[in-house]
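# Pasting a predicted model and its sequence here:
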Amino acid sequence: MLSFYNIFTKGGFLLKIGKFAAKHNVSIDTVRHYMNLGLIFPEKMGGWYEFGDNSDEAINAILRYKEMGFSLDEIHELLNFQRLSRLTIRTDLEFFKSKFLLKSDNLEKEKEHIEHKIQVISKLLEKINHLESVTLLSHPTGVPIDFLPQLECPFCNKPLQLAKASIENNMIINGDLNCDCGTHWKILHGVLTEKQLISSLNDVSPDEVLERNIHLKTRYYKSTSSKFLDFIFQGIEWQRQRLTELLTPNSIILEPGIGIGVALSNFYDHLPDDIKYIGVDNNFERILFTKTLFEKEYNPTRLIYICCSFNNIPIKSNSIDFVVDYTGSFNYNSKNEIWLTETLKNLLKENAYWLGSFLFYSKNSDLLNYPEQVSKVLDLNNIQSDFKDHNINIDLQKIIGPVDESGENEIFKNGLDLYQWLMLGKNNK
């Protein structure tokens with residue numbers, strides 16, 4: 001009687017493993033895996049294996065069963081049953097018929113699930129295509145007129161005077177502010193800016209800045225370890241929960257080093273309408289990108305953007321209720337002898353909160369071959385001592401990690417355990 005193997009095709013001459021694998025368009029490792037599982041039995045000839053008719057018949061059956069969706073365990077069962085009887089009686093055929101019918105039923109159910117998933121994805125793609133076809137209209141925002149009393153010259157502590165302005169919806173979109181001491185500030189595209197930091201971007205539209213930086217953001221995501229991102233977002237979520245628990249009406253929040261708005265984007269939906277969130281950065285293009293991005297998605301009148309160095313923030317003393325310190329301290333402290341706590345201390349109200357996230361290595365690490373200033377910033381003892389020296393009392397703290405991967409654009413070393421110290425401190429004047 002015709003062997004059931006022959007339904008799948010019959011083999012030929014003896015072959016060594018490389019030629020056998022090539023003949024069946026599989027890798028040598030795959031052939032070895034099938035051997036280890038007991039799916040094929042080549043003949044051992046001295047120091048190598050020879051693959052003949054039985055091996056050909058078996059691997060053809062394996063590949064056909066795989067096409068049908070059988071797992072290797074299921075294939076093993078089918079092959080062993082074939083080997084027991086070589087399908088010489090009708091009851092053996094019934095065994096295979098029942099297996100194939102069961103697999104067919106399971107595949108039909110999988111097909112229904114897959115079709116449902118495809119429908120869900122198709123609907124989401126329709127929404128995405130619709131959003132892409134709709135021109136996103138910005139809601140231009142600027143410095144609210146009622147916020148002007150909060151501004152003062154960082155050099156002489158006198159009020160900044162509005163010299164000229166274009167105003168929309170009670171917000172200054174473009175304008176000039178001057179001080180009696182001769183200091184000049186400019187509002188460009190709604191960003192209050194030290195004139196020298198605007199550089200050549202006067203002629204660049206916010207939409208051009210948005211397009212250029214979205215590509216940079218995508219490249220950063222692709223080149224950064226998902227473990228590192230999970231590690232960072234765990235810290236941001238801890239900060240978000242603490243911030244939303246403590247916010248009071250009309251709070252003023254300062255984020256030094258807002259960057260591309262990673263922390264703010266995770267906070268924004270939880271911020272009450274009556275607060276003011278001041279994002280500061282010393283890179284005009286970066287802060288304009290963040291501002292434009294939020295204007296495309298929201299009508300963010302509670303957000304105020306300032307482009308300046310951190311030691312020149314033109315905000316009145318004793319006016320800030322919260323500091324959200326996501327990466328600001330690390331970036332600033334690694335480049336300056338005077339750390340951010342001392343730089344911002346005079347801006348804080350008494351009992352203002354400092355909500356911080358600080359990356360550090362363990363003290364016993366022998367791999368910290370960073371420049372001295374950076375090494376200081378990555379030492380938890382130095383970080384904690386700095387807050388103590390500036391009378392910021394730690395109310396809550398938590399250490400998470402470690403993570404030993406980062407990304408191409410991070411300075412952190414792969415293979416070295418990195419931790420994150422999360423803290424909530426209160427200013428004690």
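Looks like it came in fine.
# From the structure, what's the count of residues near residue 191?
Close neighbours of residue 191, defined as other Cβ atoms under 10 Å, add up to 27. To be clear about C-beta, it is placed using only N, CA and C from the backbone, and glycine gets the same treatment.
# for it, what are its contacts?
The contact partners of residue 191, taken as Cβ atoms under 8 Å, 6 or more residues apart in numbering, are 142, 284, 287-288, 291, 305-307.
# Grab the two from those that are most spread out in space.
142 and 284 (14.7 Å; Cβ to Cβ).
# State which strand of the chain is the longest.
strand 348-361 (DSSP state E).
# helices or strands next to it in the packing?
Under the contact criterion of 3 or more Cβ pairs under 8 Å, 6 or more residues apart in numbering; DSSP states H and E, strand 348-361 touches helix 226-246, strand 320-325, helix 328-333, helix 380-389, strand 418-427.
# what about the strand or helix carrying residue 265, average pLDDT?
Counting by DSSP states H and E, the element that carries residue 265 is helix 262-267. The pLDDT scores in helix 262-267 average 92.
# how about the CA coordinates for that helix, as PDB?
Extracted C-alpha coordinates of helix 262-267, given in PDB (Å, rounded to 0.1, in the frame of the first residue of the first chain):
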ATOM      1  CA  VAL A 262       8.700  64.800  27.400                       C
ATOM      2  CA  ALA A 263       7.800  65.400  31.000                       C
ATOM      3  CA  LEU A 264       5.200  68.100  30.200                       C
ATOM      4  CA  SER A 265       3.400  65.900  27.600                       C
ATOM      5  CA  ASN A 266       2.900  63.300  30.400                       C
ATOM      6  CA  PHE A 267       1.700  65.900  32.900                       C
END
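# wait, what's in contact with residue 248?
Taking Cβ under 8 Å, 6+ apart as the test, what residue 248 contacts is residue 321.
# where does it land on pLDDT?
Reported pLDDT for residue 248: 94.
# what does residue 365 give?
Taking residue 365 on its own, its pLDDT is 62.
# what do you get for residue 309?
pLDDT at residue 309 comes out at 93.
# circling back: go through the contacts of residue 191 and say which is closest to residue 360.
residue 287 (27.2 Å).
# How about that closest one: what's its closest non-neighbour residue?
Nearest residue to residue 287, sequence neighbours excluded (Cβ to Cβ, 6 or more residues apart in numbering): residue 281, at 4.2 Å.
# residues in contact with that neighbour?
Per Cβ under 8 Å, 6+ apart, neighbours of residue 281: 257-259, 287, 290, 305, 307.
# before we move on, back to that, roughly how far out does the helix holding residue 265 sit from the chain middle?
How far helix 262-267 lies from its chain's middle: 12 Å, per Cα atoms, centre = their mean, to the nearest Å.
# again with stretch 74-85
48 Å.
# Good, we can wrap up now.
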